[in-house]
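Colleague: one predicted model, sequence on top.
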Amino acid sequence: MNLEATLRGARDRGAKLLVPYVTGGLGRGWLDVVRAVAAAGADAIEVGIPFSDPVMDGRTIQEASQRALDIGATPGSIIDELDGLDAGVPIAVMTYYNPVHHMGHERFAQRLSASGIDAAIVPDLPLDELNGWADAADAADVETVLLAAPTTSDERLHAICERSRGFVYGVALLGITGERTELAVEATEMGRRLKAVTDKPVLLGLGISNPDQARVAAASSDGVIVGSALVRRLLEGGGPEGAAEFVHELRQGLDQG
Amino acid sequence: MSAPRRGDGVTLGPPGPEPTDLGRFGEFGGRFVPETLVPALEELELEFRRAWTSPEFREEYAQLLAQYAGRPTPVTECHRLSEHLGVRVLLKREDLTHTGSHKINNVLGQALLTQRMGKRRVIAETGAGQHGVATATACALFGLDCIVFMGAVDVERQALNVFRMQLLGAEVIPVTSGSATLKDAINDALRDWVASVQSTHYCIGSVVGPHPFPWMVREFQRIVGDEAREQTRSILGGDPDFVVACVGGGSNAMGTFAGFTDTDAQLIGVEAGGLGIETGHHGASVSRGVPGALHGARSLYLQNEDGQILEAHSISAGLDYPGVGPEHAALAASGRAEYPSATDVEALAGFQLLSKLEGIVPALEPAHAVGWLMREAGNRVPKDSTVMLTMSGRGDKDAMQVSEMLAEQAGR
């Protein structure tokens, strides 16, 4: 339970949590990006394993996924490359269910575990379909993070928080990933509803695009996940330095909150 | 509520069996979607179950099928084709419905449901444009806003249908992501729905997607099989030896099979063989796909060794999909139905033969079923067998494309 323990520890010391998302396999130096982001103040890092049909993702992450696939990234290669990475923070992979299903629940979970990956986020595997994967993940000591959405009923919200490991991922808008000029009205309400029912770390993600939005979103929750805004900088050639600079700004924004 | 309902000449048979355990057909089906959509799918399942057993809903649906869609459609005995092939061929004429394909059966049902749920906006995906045109038609009829996602490649090759949709008041959004075909149109429709789910109904066009869609769309299409069964009985005095339909996602086949699963008929779903199965450029998801989860359902999908979805290939945009509905995957697994394929070339031959011998120009999709029958008459289908084949749509939309291809063939 490394991810949850780490996030709880940081939260209980009074910090707001920051989990940046990086697309795995996006350029040969992608592991340097992960290290730089960790050093710039991330509490944990979400590494995307690209899938050909990412229905929860907007244009930025679609493009990053396609670029990574085009230069040969595979689920196996990303998991292997993460083995031995000493970023100093927990790693969660985010991917879609088909690559997991294709590799096989047990094998996927065991490979994550063998590479020192702490957790998995599978956004098209909702609570009701979790069984086969979650059993394998539990057995391999991989934490499965579940998502809760603005449309989720109170009853489901309880069940999701109960079953989620690592943290609870609050979907901060109605829609897919991507930068937004304004923080969605759903964000604060999502954080408030989740905090009312669980003691697990609650992070908000989707549409959180700048330090100011991160600060506001974190006020109703324990922290934020930032993906597209960071990945766009990588697509524009920002490299590890550009990524670190942005994550540092986010960190400062959260610390000011 | 299983009493047949009449609407001027259309009789709905009793509802068919429900899938089990969150939409499972054997080991296939389910609801693999982002959490945001789960409540909407639960609501849709509840609404459909209520509607489908409600005498008022069934009456209204039956009347629409009769007065608007032009049902029942006939079964035509093909004397010249039968003589040519040496087997007795009957066609279920979905090409004669309003909008020219079986797609209208499903969209009228879903449009009625949309009204019941109080939603005003409908989104749909389309490949060849048949489902897009049908959805735009139903939305015009009911005064609903309609947005159709269509792969940019398909927008190019089906310009006529794009214009028809626009004429009917729909907005057509070209999809440029991925392979820019049907699979990507579904991706973008799902992406829209995740953002718009509170005001919008996603009118899926085939027996694919998360529960309850595969079940619901099969039920809205079972009129094809229910009618055909009675009609073939009155012509043949019994059930046919073979029931044949083309399969992309598989809605016309599933609707057809639904009327015959409890008979002795052999059920044949003909997939797109493309340039030939051995070339890798095809749409034969049942025979060459492996289990996976895409667009909300566990089923059979064409994918590479890493679980990335592959592009399908077919001469017909409607069969150009790298997956198949979960109930077909289950029928294949149990052996109740079999899923051979017909190539682009065989489909072109079927397109021409049916036109010449029967005066019926088929859409390229069912032309695959005709092409398969041409190959297998006297082989897999023994001489003098009886065959009921679903003519799922008419070929006007494909005439231009076929004319160009035949000119190309002749030029070689």
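Modeller: Everything's here; your move. Numbering: from 1, shown residues only, chains lettered A, B, ... in the order given.
Colleague: and the residue of the stretch 51-200 of chain A at minimum distance from chain B, what pLDDT?
Modeller: Closest approach between the stretch 51-200 of chain A and chain B, counting by Cβ to the nearest Cβ: residue A:102, at 2.9 Å. Where you see a C-beta, it was placed from the backbone N, CA and C, and this is true even at glycine. Among the per-residue scores, residue A:102 holds a pLDDT of 98.
Colleague: then residue B:3?
Modeller: As predicted, residue B:3 sits at a pLDDT of 51.
Colleague: about what we covered before: quick check: the residue of the stretch 51-200 of chain A closest to chain B touching residue B:303?
Modeller: Yes. Residue A:102 is in contact with residue B:303 according to Cβ atoms under 8 Å; the separation is 6.7 Å.
Colleague: find the residues that touch each one of those two.
Modeller: B:290, B:292 (Cβ atoms under 8 Å, 6 or more residues apart in numbering or on different chains).
Colleague: re the thing from before, what's the neighbour count on the residue of the stretch 51-200 of chain A closest to chain B?
Modeller: 21 (other Cβ atoms under 10 Å in any protein chain shown).
Colleague: which strand residues bridge the residue nearest the centre of chain A?
Modeller: For chain A, residue A:46 is the residue whose C-alpha lies nearest the centre (Cα atoms, centre = their mean; 4.0 Å). Going by DSSP bridges, residue A:46 is paired in beta bridges with residue A:21, residue A:92.
Colleague: check contacts around it.
Modeller: Residues near residue A:46 by Cβ under 8 Å, 6+ apart: A:19, A:20, A:21, A:22, A:92, A:93, A:94, A:121, A:225, A:227.
Colleague: one more time with 6 Å
Modeller: Residues in contact with residue A:46 (Cβ atoms under 6 Å, 6 or more residues apart in numbering or on different chains) are A:19, A:21, A:92, A:94.
Colleague: for the chain, give me the ranges with low pLDDT.
Modeller: Since you didn't name a chain, this refers to chain A. Residue ranges of chain A with pLDDT under 70: A:1.
Colleague: looking at chain B here, not the other one
Modeller: Those would be B:1-8, if you go by pLDDT under 70 across chain B.
Colleague: skipping adjacent residues, who's closest to the residue of chain B found nearest chain A in space?
Modeller: Of all residues in chain B, the one sitting closest to chain A is residue B:307 (2.9 Å; Cβ to the nearest Cβ). The spatially closest residue to residue B:307, leaving aside those adjacent along the chain, is residue A:102, at 2.9 Å (Cβ to Cβ, 6 or more residues apart in numbering or on different chains).
Colleague: just residue B:250 next, same as before
Modeller: In space, residue B:250 comes closest to residue B:325 once its chain neighbours are excluded; the distance is 4.2 Å by Cβ to Cβ, 6+ apart.
Colleague: equivalent analysis for residue B:370, please.
Modeller: Spatially, and ignoring its direct neighbours in sequence, residue B:370 is nearest to residue B:350 (3.2 Å; Cβ to Cβ, 6+ apart).
Colleague: which parts of the one helix or strand that neighbour maps to are buried?
Modeller: Counting by DSSP states H and E, the element that carries residue B:350 is helix B:344-358. Neighbour counts using 16 or more other Cβ atoms under 10 Å in any protein chain shown place B:344-355, B:357-358 of helix B:344-358 among the buried residues.
Colleague: returning to that earlier point: quick one, what contacts the residue nearest to residue B:370?
Modeller: By Cβ under 6 Å, 6+ apart, the neighbours of residue B:350 are B:367, B:370, B:371.
Colleague: so where does the second one fall, helix or strand?
Modeller: In this case it means residue B:370. Going by DSSP H and E, residue B:370 is in helix B:364-376.
Colleague: how far off helix B:344-358 does that helix point, in degrees?
Modeller: 90 degrees (axes from the mean of the first three to the mean of the last three Cα atoms, to 10 degrees).
Colleague: return the distance of helix B:364-376 from the chain's centre.
Modeller: Its chain's average C-alpha position is 16 Å from that of helix B:364-376, according to Cα atoms, centre = their mean, to the nearest Å.
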